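J.: got a structure for you, letters missing:
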């Protein structure tokens, strides 16, 4: 290894996506954090002993797995948190938040139906006052 290669400071992109990890620590705190994590992974799993194409396959596999886990968490986690919140409300307070919401929807629908029937009854009464024969009564 040449002196210039040893002296070279890596960017964050080279640390995250490069096949060869630089030997020197970067000056940036974010790049240093990822450099340490990458160094830990390469030393723990002996990635530095692999050929570049093997290392590339492993890095692609790791990034694909992380992407799938992150995407699954992003898509599934909000629904799961609302489910856990409803179950917690049931266990702590004795009622189901989803059941309460369902009953509120049923009450609203019943009110709408009753208001519609009151409206039709009112129109029937008005038509009676005008002398028309209602068909519904």
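T.: Here it is on my side, so go on. Fair warning: this is a prediction, and the values are worked out from it, not measured in the lab.
J.: For the chain, which segments are assigned as helices?
T.: 3-7, 12-17, 29-44, 52-93, 97-129 (DSSP state H).
J.: From residue 19, how far out is residue 60?
T.: 11 Å (C-beta to C-beta, to the nearest Å). Bear in mind the C-beta positions are built from the backbone N, C-alpha and C, glycine included.
J.: Which one's more surrounded, those two?
T.: Neighbours were counted for residue 60 and for residue 19 using other C-beta atoms under 10 Å; residue 19 has more, 13 against 10.
J.: The more buried one and residue 53 touch, don't they?
T.: No. Using C-beta atoms under 8 Å, residue 19 is not in contact with residue 53; the gap is 9.0 Å.
J.: For the protein, which residues score under the pLDDT cut-off?
T.: Along the chain, the model assigns pLDDT under 70 to residues 1, 4-7, 95-108, 110-137.
J.: make it 90
T.: Along the chain, segments meeting pLDDT under 90 span 1-32, 34-52, 55-56, 58-59, 62-63, 72-137.
J.: Could you measure from residue 20 over to residue 82?
T.: From residue 20 across to residue 82, the span is 46 Å (C-beta to C-beta).
J.: Kindly report the same for residue 53.
T.: When residue 53 is compared with residue 82 (using C-beta to C-beta), they lie 45 Å apart.
J.: who has more neighbours, those two?
T.: For residue 53 and residue 82, the more surrounded residue by other C-beta under 10 Å is residue 82, and the numbers stand at 12 against 9.
J.: Cool, thanks, talk later.
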